[in-house]
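Student: Pasted the sequence and its predicted model underneath.
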Amino acid sequence: MEFGQSLSFLNACVAIGFTVFAPLASYQRQAYGADRETTVSSEKNDPKKSSAENNETPAATGPKSKKDESRLEEVTPVASAAPEAPRWNLLPFADSKKPSLIEKAYLDALTILKEDNSCSRFFGGSSAIGGLNELVRRLTPTHLDRLIAVRMKGETSPVRDYLTGRPFRLFQKTEVNLSGPFFRGNTSLYEARIPFIGSFPPNTREARVTILLHELGHVLSTADKQWVLPDDGNDVSLSRKNTERVIDACRDQITQIGHLSFERELIGARPTVGQ
């Protein structure tokens, strides 16, 4: 073969080699680049990576492009705010499947007070629940005159709720009348009439929660160191006025409470982190 022909044959072989191997080299570089991007993204998100792996010094790859920076920003997790501690405790029930009338009225009152509404604001917000808990905890069933729903008497003790710092007072005796409007209604024409609680018939869900809220008003103090409701003692007229003040502030919440089931209230009343 002559020299000129040999040189032409050699050039043809070189050209064929570039044609075959250049795309393969290019594909390998693209694959390496894709693997490098995926690794960076996954390292920012994978909580299982050890600290040693995350602290390895990466190979120098030159300055990051805007595309790489935006990818890193997109996968960076956002820290959530620290949850708040619960602001009240829920009293335990003797049997949550068969709650007593007192427990149901307590749950109705708590359901109202834990929300931001006109009734809750009248009592100073959800911080009133601490006073409600102690009021209900001390309720002792007894038999009194039919006109009486709850009677608090004796010396008082100042108390401060440890969760909220809210001050209130406790009476030496707190009695709920088994013969009064909390438990009894007007079912017989031959017995003395039991009074309504404002506009609510006795022995109804609305009457019972109103009774608890009325008594709570005698327990809680205001910012100016007055009681939410003034002492009414044996003053029937003042007691009725105090009840009307409660109903004026809480009418919407009291009338709507009847649409909630006990089971639903119980789920919502359990304090959870973030409330």
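Tutor: Received it, and whenever you're ready, just let me know what you need.
Student: just the strands in this structure please.
Tutor: With DSSP state E as the criterion, the chain has strands at 139-142, 150-160, 167-177.
Student: Strand partners (parallel or antiparallel) of the shortest one?
Tutor: As defined by DSSP bridges, the strand partners of strand 139-142 come to strand 167-177 (parallel).
Student: Report the buried residues of the strand it pairs with.
Tutor: Phe168, Arg169, Leu170, Phe171, Thr174, Glu175, Val176, Asn177 (16 or more other Cβ atoms under 10 Å). Glycine gets a C-beta too; all of them are placed from N, C-alpha and C.
Student: do you know which of the strands of the chain lies nearest Gly198?
Tutor: strand 150-160 (14.7 Å; Cβ to Cβ).
Student: returning to that earlier point: export the buried residues of strand 167-177 as JSON lines, with columns for distance to Asp235 and pLDDT.
Tutor: Listed next are the buried residues of strand 167-177 as JSON lines, based on distance: Cβ to Cβ, whole Å; pLDDT from 0 to 100:
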{"residue": "Phe168", "distance to Asp235": "22", "pLDDT": "95"}
{"residue": "Arg169", "distance to Asp235": "19", "pLDDT": "97"}
{"residue": "Leu170", "distance to Asp235": "22", "pLDDT": "96"}
{"residue": "Phe171", "distance to Asp235": "17", "pLDDT": "96"}
{"residue": "Thr174", "distance to Asp235": "19", "pLDDT": "97"}
{"residue": "Glu175", "distance to Asp235": "18", "pLDDT": "98"}
{"residue": "Val176", "distance to Asp235": "20", "pLDDT": "98"}
{"residue": "Asn177", "distance to Asp235": "18", "pLDDT": "98"}
